[in-house]
Every structure is written in structure tokens, then in C-alpha cells.
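Engineer: Below: sequence and its predicted model.
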Amino acid sequence: MLKIFLIVFLSSSFLLAAKNPTMGNGVTQFTVGLSYAKGKGVNQDYQKAVEWFTKSAELGYDKAQYRLGVYLYNGQGVEQNVEQAAKWFKKAALQKNAKAQHRLGVLYYNGKGVLKSYKEAAKWIKESYTNGNLEAKKTWDKYELWKYE
């Protein structure tokens, strides 16, 4: 019963958002973006996914900010832009998004899209681990980031 409700809800949300691109619900816009990214209920289209993630990210939804950062970093559905990816990772990281904190920390460690800073890398990767990202602990150990606290 719950599964049927979710399908109807998501389908309704998708139709509403698709008909009204200025719809002010970041979660709904993110859901539409995921539908395009995964090809669920629509043809897979990474460019449209990026459009919807951008709308949601601009409304401040951290999951969309993180996802947009990933797509920008990888050049998926959009021209690769590591600096813009770092910008969106930071926006999500400031909202305690552990995945974004980890990605941002790795960017600081490698000096990609941001000025290289082991101190900033340590700060963000530690924060990511504190917020529950177990992958960040592996990165912390691999890069020996305790040296830069």
C-alpha cells in the first residue's frame, strides 16, 4: 500500500513540476532530476537532470547541491567544471551534507577547483566522518590528515 502511495505521489510531483518549472519545492525538483538521471518514468537525460538539480540547488536543497557538484565534476550532462563543482560541494557541505564534505575535502587535498590546502582538507574530511560518512575515515587515514589539524 505504501509503495503504491509513493508511486502516485512521485508521479504527481513529477507532473506538477514538469508543467511548472518555477515550482518552488526543492525536494520535488530534485526528485524530477533523479527521474531524468535514472530514466525512471522518463527517458534518461542527463542534461535535463542537471537542469532540475540546478533549480533545486539554487533553492538551497543540499542533496541537489551535492548531486549537481558530482555532475559538474564528472562533466555528466554538462561541460566539466571543477571550480563550479567545488562551489556546489561547499554549499552542501555547509549544510552538513557528509558526502559533499568528503568530496570538498578531497578537492582541497588535491588542489582541484580550489587552492590546495591540507588544513582545509583535514577540516572537511574530519567533519564528513563526524557526520557519519565512513568513507571519510578511510580518506583520513590514507592521506594522514591528522598531521594537518
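Structural biologist: Structure's in. What do you need?

Engineer: Could you check how far the spatially most central residue of the chain is from residue 98?
Structural biologist: Note on the chain: the residue nearest the mean C-alpha position is residue 66, at 1.4 Å, using CA atoms, centre = their mean. As for residue 66, its distance to residue 98 is 9 Å (criterion: CB to CB, to the nearest Å). For glycine as for every other residue, the C-beta is placed from the backbone atoms N, C-alpha and C.

Engineer: ok, then the element right after the helix or strand bottoming out on mean pLDDT in the chain?
Structural biologist: Least confident helix or strand, the chain: helix 2-19 with a mean of 52, by mean pLDDT, DSSP states H and E. Where DSSP states H and E defines the elements, the next helix or strand beyond helix 2-19 is helix 26-38.

Engineer: Going by neighbour count, list what's buried in that following helix.
Structural biologist: 26, 28-37 (16 or more other CB atoms under 10 Å).

Engineer: and if you look at stretch 98-110?
Structural biologist: 98-109.

Engineer: Now render the residues you listed as TSV, adding pLDDT, distance to residue 50 and secondary structure.
Structural biologist: Compiled in TSV, these are given as follows (pLDDT from 0 to 100; distance: CB to CB, whole Å; DSSP: H, G, I helix; E, B strand; the rest coil):
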residue	pLDDT	distance to residue 50	secondary structure
98	98	22	helix
99	98	18	helix
100	98	17	helix
101	98	22	helix
102	98	21	helix
103	98	17	helix
104	98	19	helix
105	98	24	helix
106	98	21	helix
107	98	19	helix
108	98	24	helix
109	98	26	helix
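
Engineer: of these, closest to residue 91?
Structural biologist: residue 100 (7.9 Å; CB to CB).

Engineer: how near is the closest one to residue 27?
Structural biologist: Taking CB to CB, one finds residue 100 at 17 Å from residue 27.

Engineer: Who's the closest spatial neighbour of residue 90, skipping the chain neighbours?
Structural biologist: In space, and not counting its chain neighbours, residue 90 is closest to residue 104: 5.7 Å by CB to CB, 6 or more residues apart in numbering.

Engineer: Residue 27 too?
Structural biologist: Ranked by CB to CB, 6+ apart and with sequence neighbours excluded, the top spatial neighbour of residue 27 is residue 61, at 6.3 Å.

Engineer: Now pLDDT and distance to residue 118 too, for the buried residues of helix 26-38, in a markdown table please.
Structural biologist: Shown next, in a markdown table, are the buried residues of helix 26-38 (pLDDT from 0 to 100; distance: CB to CB, whole Å):
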| residue | pLDDT | distance to residue 118 |
| --- | --- | --- |
| 26 | 96 | 34 |
| 28 | 96 | 40 |
| 29 | 97 | 36 |
| 30 | 98 | 33 |
| 31 | 97 | 38 |
| 32 | 97 | 39 |
| 33 | 98 | 34 |
| 34 | 98 | 34 |
| 35 | 98 | 39 |
| 36 | 98 | 38 |
| 37 | 98 | 33 |
